[in-house]
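> Okay, sequence plus prediction incoming.
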Amino acid sequence: MGGDPVNTTRKMTRKDLFWLSLLAFFAVIPLTPWFSHSSFAQHVMIQILLYSSMAQAWNILGGYCGQTSFGHSVFFGIGAYGTGMAVVKFGLIPWPGILAGAVIAAVVAVTISFPCFKLKGHYFAIATFAIVEIFNRLFMVWYWVGGAIGLDYGFTQPGWKNFVWYQSKVGYFYGVLLLFVLVFGIVRWIEKHRFGFYLRAVREGQETAESLGVNSTRVKLSAMALSAFLAALCGAFFAQYNYRVDPPMVMSLDMSMKFVLITILGGLGTFYGPLLGAALLIPLQEYTRAYLGGIGGGVDLIIFGLLIVVVVVYQPKGIMGILDRVVNRIRRSKGGGN
């Protein structure tokens, strides 16, 4: 037992160095001609970082804790409506709405999850399906928040104060990069903290975890609250980036499924899995729609569906599983050569 922490620390240090290198890479991307001269390239990179952040937020609950939820678009939508209401209804800058939306999303998540966590396996997942439909219909008829029409932003002064830009997307890129750092940084901390071991213990076997003194209900509720809080922050960015918010746009089963499938494709319960899944799906989605027009929206989903089938059948651990297998083969071949 005494040697395990030492080995883990070495692995974490190597992983941390790669993580810092990755952040440095993203930080200098706006300086490249490919990025600075192409608004579409900026859009694709922003989408990759946004959806990888959202998928990572879901990964806390679905990957590390093993509780499959199809209802995270509700928390994503609450965050979007938080900033939308602050800007459109109350005439404020978005920052108070961003924080309020995230807190409300966490409270709502804990409130609806406490009874749902009494359900196990597929029954919990089915309950989250129903939650999406309930909130979608509620916001469709709730006229104070815009109803089915939603909320449209008016013109505001561009800059960080109002978190809106019109001429360039570089400000949005650095904004979503900060969000990406926050979400992935928290998950990196979880991996090295005792809370991360509790999450994995519950995932591997709730009864076994409880026999070892882990309060599984508290762990799952904590994971849900944190996951919902971060999902709401992603939703707030989504609203600011699109200048509007409406129920089908943010509180839909399609949106929830996208978060889940990105994570599964990249690697469920892995640190880099959500980023790898988004890096594959989002360019596929955006470029097929850009170059194939109306049919592009169907082609990307067909290709993505086929990829999911292949991954689930041949490598359940996703792209990260494939990469791990390749790395292990290289190490074995080097070891054999020596």
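Happy to help now that I have it.
> Skipping its backbone neighbours, what lies nearest the residue nearest the centre of the chain in space?
What sits nearest the mean C-alpha location of the chain, by Cα atoms, centre = their mean, is Met54, with 1.6 Å. Spatial nearest neighbour of Met54, chain neighbours left out: Cys234 (4.2 Å); criterion: Cβ to Cβ, 6 or more residues apart in numbering. Backbone N, C-alpha and C define where each C-beta goes, glycine included.
> if I look at the one you found, how far off is Gly171?
Distance, Cys234 to Gly171, using Cβ to Cβ, to the nearest Å: 17 Å.
> Neighbours of the residue nearest to Met54, how many?
Per other Cβ atoms under 10 Å, the neighbour tally for Cys234 reads 29.
> secondary structure element for it?
For Cys234, the element it lies in under DSSP states H and E is helix 216-242.
> From the chain's centroid, how far away is that helix?
How far helix 216-242 lies from its chain's middle: 9 Å, per Cα atoms, centre = their mean, to the nearest Å.
> Which elements pack onto the very next helix or strand once past it?
Later in the chain than helix 216-242, the nearest helix or strand by DSSP H and E is strand 244-245. Secondary-structure packing of strand 244-245 (3 or more Cβ pairs under 8 Å, 6 or more residues apart in numbering; DSSP states H and E): helix 72-84, strand 151-152.
> run the last query once more with 10 Å
helix 72-84, strand 151-152, helix 216-242 (3 or more Cβ pairs under 10 Å, 6 or more residues apart in numbering; DSSP states H and E).
> Most tightly packed of the ones you listed?
Compared across these, helix 72-84 shows the largest average neighbour count, a mean of 31 (mean count of other Cβ atoms under 10 Å).
> how close does Phe195 sit to Val311?
Plainly put, Phe195 is 28 Å away from Val311 if you go by Cβ to Cβ.
> now do Gly79
Distance from Gly79 to Val311, by Cβ to Cβ: 29 Å.
> cool, and Leu138?
Distance of Leu138 to Val311, given as Cβ to Cβ: 35 Å.
> now do Leu178
30 Å.
> before we move on, the earlier item: what about Leu138 and Val311, which has more around it?
Between Leu138 and Val311, Val311 has the larger neighbour count (other Cβ under 10 Å), namely 21 against 13.
> Just confirm the more buried one is within a helix.
Yes - assessed with DSSP: H, G, I helix; E, B strand; the rest coil, Val311 lies in a helix.
> Test for you: state the pLDDT assigned to it.
According to the prediction, Val311 has pLDDT 79.
> for Val6, same thing?
38.
> can you list the weak-confidence ranges in the stretch 1-150 of the chain?
For the stretch 1-150 of the chain, the stretches flagged by pLDDT under 70 are 1-13.
> Which helix or strand contains the closest residue to Pro247 other than its chain neighbours?
Spatial nearest neighbour of Pro247, excluding adjacent residues (Cβ to Cβ, 6+ apart): Phe139 at 4.3 Å. Assigned by DSSP H and E, Phe139 belongs to helix 122-141.
> From the contact counts, what lies against that helix?
Contacts defined by 3+ Cβ pairs under 10 Å, 6+ apart place helix 122-141 against helix 72-84, helix 94-116, helix 247-250, helix 253-266.
> So for the shortest one, mean pLDDT?
It refers to helix 247-250. Throughout helix 247-250, pLDDT has a mean value of 94.
> Check which helix or strand Val290 maps to.
Quick fix: residue 290 is Ala, not Val. Using DSSP H and E, Ala290 maps to helix 273-292.
> buried residues in that helix?
Within helix 273-292, the residues that count as buried by 16 or more other Cβ atoms under 10 Å are 273-286, 288-289.
> give me every residue that touches Gly267.
By Cβ atoms under 10 Å, 6 or more residues apart in numbering, the residues touching Gly267 are 59, 63, 273-277, 311, 315-324.
> phi, psi of Met251?
Torsion angles at Met251 (phi, psi; degrees, to the nearest 10) stand at phi -110, psi 70.
> Against Arg218, how distant is the nearest residue to it once chain neighbours are set aside?
Ranked by Cβ to Cβ, 6+ apart and with sequence neighbours excluded, the top spatial neighbour of Met251 is Gly77, at 3.7 Å. Noted for Gly77: a distance of 26 Å to Arg218, by Cβ to Cβ.
> Equivalent analysis for Arg331, please.
Taken as Cβ to Cβ, the span from Arg331 to Arg218 is 39 Å.
> so how far is Gln157 from the nearest residue to Val108 once chain neighbours are set aside?
The shortest distance from Val108 to any non-neighbouring residue, by Cβ to Cβ, 6+ apart, is to Ile78 (6.4 Å). Using Cβ to Cβ, Ile78 is found at 26 Å from Gln157.
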